[in-house]
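Peer 1: Starting from these lines, generate the structure:
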Amino acid sequence: PTSNPNHPTTQPSSHQSPVSNLKLLITNYHLLILSALISLQLLAGHAQSSFYTLLIAAAWLCWRSLKPKQDFYRSLDDLKKAGISSLQSLILNLFKFSLAVLFALCLTAVQLLPTYELLRETPRASSADYDFVMTYSLWGWRLLTAIAPDLFGHPADGNYWGYATYWEDAIYLGIMPLMFALYALITARRNKKIHLGDIVFLFALAIISVELALGSNTPIFPFFYRYIPGFNFFQAPARMLIGYTFAASLLAGIGADQWKESNRKRYWSRLGIAGSIAMMILGIVGAVTLTDVRPLTIATSLIGVAAVSAVTFILTLNQPTAPKRWVVFTILFIAVDLGISAIRLNPTIDSSFYSLPPSENLSGRTYQYDQDEYRVKFKEYVTFKNFYSLTPQQIRDTFLPNLTVLNKVESANNFDPLLTERYVNFVKAMEGNPRLLDLADVQTIIKPIRLVSPRVDSKASRLRVIPQAQIVSSPQESLAAISSPTFDPDSTVVLEPIRNPQSAIPLTHHASRITLDRDSYVIASYSYYPGWRVLIDGQPSQLFIADHLFRAVFIPKGEHTITFEYAPLSFTIGLIISVVSLVIWVMAYWRQRVFNG
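Peer 2: Residues are numbered from 1 along each chain as shown. As a prediction, the model looks like this:
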């Protein structure tokens, strides 16, 4: 263009039609990459981490959009130079971010729709219990572990004495990165490369994340639980530390980038080395003279902190006489520091564990009463204080739910974060009414300290034939009926009619051959769940929910083949959406690569 501002060719190129600008927004390489990254996190299966991450990403996007002279996407830079305001930039960026999230939801629909279906069946469909959500709130004293990770011991050493779990509250990012982050805050006003607002945002994010992580220890997270959608679904507020980790890591990068040699740094480094040596001597004296576990743990931790601090100050004292070499040594030191502090959080076990035979040969389903399971799980097995409290054989012989799979033993217990409301209610009723154990085909009771008690007089069976039925219209009625003292599970089955979807892809099925001398209801002691359907001699038949939890079908007199198929419509619809979305994503990505280089 010419230098004449009145010349027609100098009109901004972004003065296009709204349709052209919208096309610029939608066909964007960054949107495709962002949607792919969000999809990967959603497919990881931890909804809480995804929720917190998207909140932080949205907050970061809003802040970047409203800042003067800076934008989030390059394509919007041109629009802003043409006169787009910060508010318009925010709207455009939020629009693109929403498109990326929507695209990611479509890409992962094959997993998300069945997950949503499961959530609707659980007691957490509308909200989780307050006490449950507040479990694993950040213990305030654990903030000290930002410098000394093992100040309260370590479960790999069997000496952890802090609150709750070591790994939920882990806040250690390394002493040198923490020093760089503090340096970024101190020099924020002098930093010409980084906008002061970004540093303020990151500092605020770190503080807010820690405040929320404290959970029930402050009134902030309880307020969010009551009034902010989403915060009432997830356990463990300590996981909000993901915001602190993100903010502190970026601040550390900013501080490291601005770090320069100076006499003042050398002075403080010398003082730091002297202080580290003094701390190490103090820790060694304590480790030699103290005998009580907790003081001894603190003394040992001080030795480790002093050693890491000494190396940190030695590195800062000698930099940057050879800048490239100093950078390499610094990166290696940080990697080793973080590696040593984190590697033991992933304990391993000998592969022979998976081939060990159980001490008891069990038949039928097992069951552990709730209090017994809690005692075995959290007092013997998962103590949070010691990774190695039991031998591999003792672990196999706990017969805890899910572990029983290794022994090819079925369990009526279930160790899962999402349990259906029907299952939860039935188990509660079964705890108070041993007759219901037969309905669940429970043939063995597991007691603490690995005691096995067979139910000798039980009438448990995987398939039961009952001639009479009581029809009810709701889960509440069926639960009340089976909980009644007059309920006789040997003569009557409580049924709830359901509608069977017939347009889904069968994923699995199991069939049984049965002969009846009269018309009866056949009850299979497997949990009902949306997506199950039944076929009699290959023809679809009416499926019922039996005794609040199980599956039942009416069978006429004679010899028949019963086939139960699991064909969830949620999976079929999700698969179609995901496949179509993936094809669109690949085509759009290929178009961007070919036409835009």
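Peer 1: how many other residues sit next to Tyr566?
Peer 2: Residues near Tyr566, counting by other CB atoms under 10 Å, number 17. For every residue, glycine as well, the C-beta is placed using N, CA and C.
Peer 1: Correction: the previous question concerned Ser478.
Peer 2: So Ser478, with other CB under 10 Å, has 24 neighbours.
Peer 1: With adjacent residues omitted, what lies nearest to Pro177?
Peer 2: Nearest non-adjacent residue to Pro177, counting by CB to CB, 6 or more residues apart in numbering: Ala252, 3.9 Å away.
Peer 1: Helix or strand: which one has the one you found?
Peer 2: Applying DSSP states H and E as the criterion places Ala252 in helix 241-258.
Peer 1: mind saving the C-alpha coords of that helix as PDB?
Peer 2: Output of helix 241-258 as PDB, limited to C-alpha atoms (Å, rounded to 0.1, in the frame of the first residue of the first chain):
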ATOM      1  CA  LEU A 241      -3.400 -27.300  43.600                       C
ATOM      2  CA  ILE A 242      -3.200 -27.800  39.800                       C
ATOM      3  CA  GLY A 243      -3.700 -24.100  39.500                       C
ATOM      4  CA  TYR A 244      -0.800 -23.400  41.900                       C
ATOM      5  CA  THR A 245       1.400 -25.800  39.900                       C
ATOM      6  CA  PHE A 246       0.500 -24.100  36.600                       C
ATOM      7  CA  ALA A 247       1.000 -20.600  37.900                       C
ATOM      8  CA  ALA A 248       4.200 -21.300  39.900                       C
ATOM      9  CA  SER A 249       5.700 -23.200  36.900                       C
ATOM     10  CA  LEU A 250       5.100 -20.200  34.500                       C
ATOM     11  CA  LEU A 251       6.400 -17.800  37.100                       C
ATOM     12  CA  ALA A 252       9.500 -19.900  37.500                       C
ATOM     13  CA  GLY A 253      10.000 -19.900  33.700                       C
ATOM     14  CA  ILE A 254       9.700 -16.100  33.600                       C
ATOM     15  CA  GLY A 255      12.100 -15.700  36.500                       C
ATOM     16  CA  ALA A 256      14.700 -18.000  35.000                       C
ATOM     17  CA  ASP A 257      14.500 -16.200  31.600                       C
ATOM     18  CA  GLN A 258      15.200 -12.900  33.400                       C
END
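Peer 1: what's the helix or strand immediately after that helix in the chain packed up against?
Peer 2: Sequence-wise, the next helix or strand downstream of helix 241-258 (DSSP H and E) is helix 263-289. With contacts taken as 3 or more CB pairs under 8 Å, 6 or more residues apart in numbering; DSSP states H and E, helix 263-289 sits against helix 293-318.
Peer 1: okay, the angle between the helix it packs on and helix 263-289?
Peer 2: Angle, helix 293-318 to helix 263-289, by axes from the mean of the first three to the mean of the last three CA atoms, to 10 degrees: 150 degrees.
Peer 1: could you point out which element follows helix 293-318?
Peer 2: Helix 293-318 is succeeded, C-terminally, by helix 323-342 (DSSP H and E).
Peer 1: Mind checking the pLDDT average for stretch 28-42?
Peer 2: Confidence over stretch 28-42, taken as the mean pLDDT, stands at 90.
Peer 1: Quick check: buried residues in that stretch?
Peer 2: For stretch 28-42, a neighbour-count test (16 or more other CB atoms under 10 Å) marks 28-29, 31-32, 34-35, 38-39, 41-42 as buried.
Peer 1: Leaving out the residues flanking it, which one is nearest to Tyr562?
Peer 2: No Tyr there; residue 562 is Ile. Spatially, and ignoring its direct neighbours in sequence, Ile562 is nearest to Ser512 (5.1 Å; CB to CB, 6+ apart).
Peer 1: Report the secondary structure element holding the one you found.
Peer 2: For Ser512, the host element (DSSP H and E) is strand 508-516.
Peer 1: Strand partners (parallel or antiparallel) of whatever helix or strand comes next after that strand?
Peer 2: The element immediately downstream of strand 508-516 (helix or strand, assigned by DSSP H and E) is strand 520-527. Neighbouring strands of strand 520-527 in its sheet, by DSSP bridges, are strand 463-466 (antiparallel), strand 550-555 (antiparallel).
Peer 1: circling back: quick one: strands adjacent to the strand holding Ser512?
Peer 2: Using DSSP bridges, strand 508-516 pairs in its sheet with strand 558-566 (antiparallel).
Peer 1: who's in contact with stretch 337-344?
Peer 2: Stretch 337-344 is contacted from outside by 149-150, 154, 156, 170, 172-176, 308, using CB atoms under 8 Å, 6 or more residues apart in numbering.
Peer 1: hmm, 6 Å instead?
Peer 2: 149, 156, 172, 174, 308 (CB atoms under 6 Å, 6 or more residues apart in numbering).
Peer 1: Most widely separated two among those?
Peer 2: The span of these, defined through CB to CB, is set by Ala156 and Gly174 at 19.0 Å.
Peer 1: give me phi/psi at Pro454?
Peer 2: Per-residue torsions, Pro454: phi -70, psi 140 (degrees, to the nearest 10).
Peer 1: who touches it in this structure?
Peer 2: Neighbour list for Pro454: Thr444 [criterion: CB under 6 Å, 6+ apart].
Peer 1: just the one 3 residues further on next, same as before
Peer 2: Asp457 makes contact with no residue under the criterion CB under 6 Å, 6+ apart.
Peer 1: Give me the three-state assignment for it.
Peer 2: coil (DSSP: H, G, I helix; E, B strand; the rest coil).
Peer 1: And it, how close does it get to Tyr526?
Peer 2: For Asp457, the distance to Tyr526 equals 24 Å [CB to CB, to the nearest Å].
Peer 1: neighbours around Ala181, how many?
Peer 2: Ala181 has 26 neighbours, counted by other CB under 10 Å.
Peer 1: was I right about it contacting Gly253?
Peer 2: No - the pair Ala181 / Gly253 is not scored as a contact, 8.7 Å apart, by CB atoms under 6 Å.
Peer 1: Leu296 is in contact with Leu290, correct?
Peer 2: Yes - Leu290 is in contact with Leu296 according to CB under 6 Å; the separation is 4.7 Å.
Peer 1: coming back round to it: neighbour-wise, give me the winner out of the contacts of stretch 337-344.
Peer 2: That'd be Pro149 among the contacts of stretch 337-344, by other CB under 10 Å, with 26 neighbours.
Peer 1: So in terms of bridging, what pairs with the residue nearest to Ala546 when sequence neighbours are not counted?
Peer 2: In space, and not counting its chain neighbours, Ala546 is closest to Ala552: 3.5 Å by CB to CB, 6+ apart. Counting by DSSP bridges, Ala552 is bridged to Ile523, Phe544.
Peer 1: Repeat that for Phe564.
Peer 2: Beta-bridge partners recorded for Phe564 (DSSP bridges): His510, Val534.
Peer 1: Count the neighbours of it for me.
Peer 2: With other CB under 10 Å as criterion, Phe564 counts 18.
Peer 1: Quick check: the gap between it and Glu496.
Peer 2: Distance check for Phe564 against Glu496: by CB to CB, it reads 17 Å.
Peer 1: Near Asn361, how many residues? Count them for me, please.
Peer 2: 9.
Peer 1: Quick check: pLDDT value at it.
Peer 2: Asn361 is given a pLDDT of 78.
Peer 1: Over to the one 4 residues further on?
Peer 2: Per-residue confidence at Arg365 stands at 88 (pLDDT).
Peer 1: try Gly83
Peer 2: What the model reports for Gly83 is a pLDDT of 56.
Peer 1: quick one: secondary structure of Ile446?
Peer 2: Strictly by three-state DSSP, Ile446 counts as strand.
Peer 1: need the contact list for it.
Peer 2: Residues in contact with Ile446 (CB under 6 Å, 6+ apart) are 366, 368, 399.
Peer 1: Which residues does Pro454 form beta bridges with?
Peer 2: In this entry, Pro454 is beta-bridged to Thr444, by DSSP bridges.
Peer 1: Next up, the contacts around the residue nearest to Pro177.
Peer 2: Residues in contact with Ala252 (CB under 6 Å, 6+ apart) are 177, 180-181.
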